[in-house]
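> Whatever this is, show me its structure:
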Amino acid sequence: MERLERMRRMAEAFHRERAQYAQGFERWQESARNPGGPYGWPRGNWSWTTRDWEEWNDANNGRQGTSQNFWGSPYAKYYKILGLDESKAGSYSQDEIKAAYRKKAMEYHPDRNQHRKEYAEAKFREVAEAYEALKK
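Presented below is the predicted three-dimensional model:
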């Protein structure tokens, strides 16, 4: 009898806990029907349309490329990719650029990053592109 009582209490605790989360989800679904979350977007729709991407890009245009616009160097982003200070964009020698390239290339080489190979390949291509742009 004691065992049955213990099982009943455990089942009650389980159902209480489940009901708490179910109510939370139901409340969340209810609020999703009434758009009023941040930015006025409905909370239940997680897919972005082309218009959403365009609005996001327009909102972030001021933030992206600020160092490039501020320092006036079209190559500032390449210096940043190689880990060099973009404020000193024109003052690096070819040896310094080559050393920074080799360091980043070794860091992101796909053979050294087997656990995240796709990411490493993309970063490696980005580093190679930056070096090609800065190489004279």
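> tell me which element the closest residue to Gly83 other than its chain neighbours is part of?
Spatial nearest neighbour of Gly83, chain neighbours left out: Ala100 (5.6 Å); criterion: Cβ to Cβ, 6 or more residues apart in numbering. In this view, the C-beta of every residue, glycine as well, is placed from N, C-alpha and C. Assigned by DSSP states H and E, Ala100 belongs to helix 94-108.
> Just the buried positions in that helix, please.
Applying a neighbour-count criterion of 16 or more other Cβ atoms under 10 Å, one finds Ile97, Ala100, Tyr101, Lys104, Ala105, Tyr108 buried in helix 94-108.
> helices or strands up against that helix?
helix 117-134 (3 or more Cβ pairs under 8 Å, 6 or more residues apart in numbering; DSSP states H and E).
> Convert the helix it packs on to PDB, retaining C-alpha atoms only.
C-alpha atoms of helix 117-134 as PDB (Å, rounded to 0.1, in the frame of the first residue of the first chain):
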ATOM      1  CA  LYS A 117      35.300  21.600 -41.100                       C
ATOM      2  CA  GLU A 118      32.700  23.700 -43.000                       C
ATOM      3  CA  TYR A 119      33.200  26.700 -40.800                       C
ATOM      4  CA  ALA A 120      37.000  26.400 -41.000                       C
ATOM      5  CA  GLU A 121      36.800  26.200 -44.800                       C
ATOM      6  CA  ALA A 122      34.700  29.300 -45.000                       C
ATOM      7  CA  LYS A 123      37.000  31.200 -42.700                       C
ATOM      8  CA  PHE A 124      40.100  30.000 -44.500                       C
ATOM      9  CA  ARG A 125      38.700  31.200 -47.800                       C
ATOM     10  CA  GLU A 126      37.900  34.600 -46.200                       C
ATOM     11  CA  VAL A 127      41.500  34.900 -44.800                       C
ATOM     12  CA  ALA A 128      42.900  33.900 -48.200                       C
ATOM     13  CA  GLU A 129      40.800  36.600 -49.900                       C
ATOM     14  CA  ALA A 130      41.900  39.200 -47.400                       C
ATOM     15  CA  TYR A 131      45.600  38.300 -48.000                       C
ATOM     16  CA  GLU A 132      45.100  38.500 -51.800                       C
ATOM     17  CA  ALA A 133      43.500  41.900 -51.500                       C
ATOM     18  CA  LEU A 134      46.300  43.300 -49.300                       C
END
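> Kind regards, and thank you for your time.
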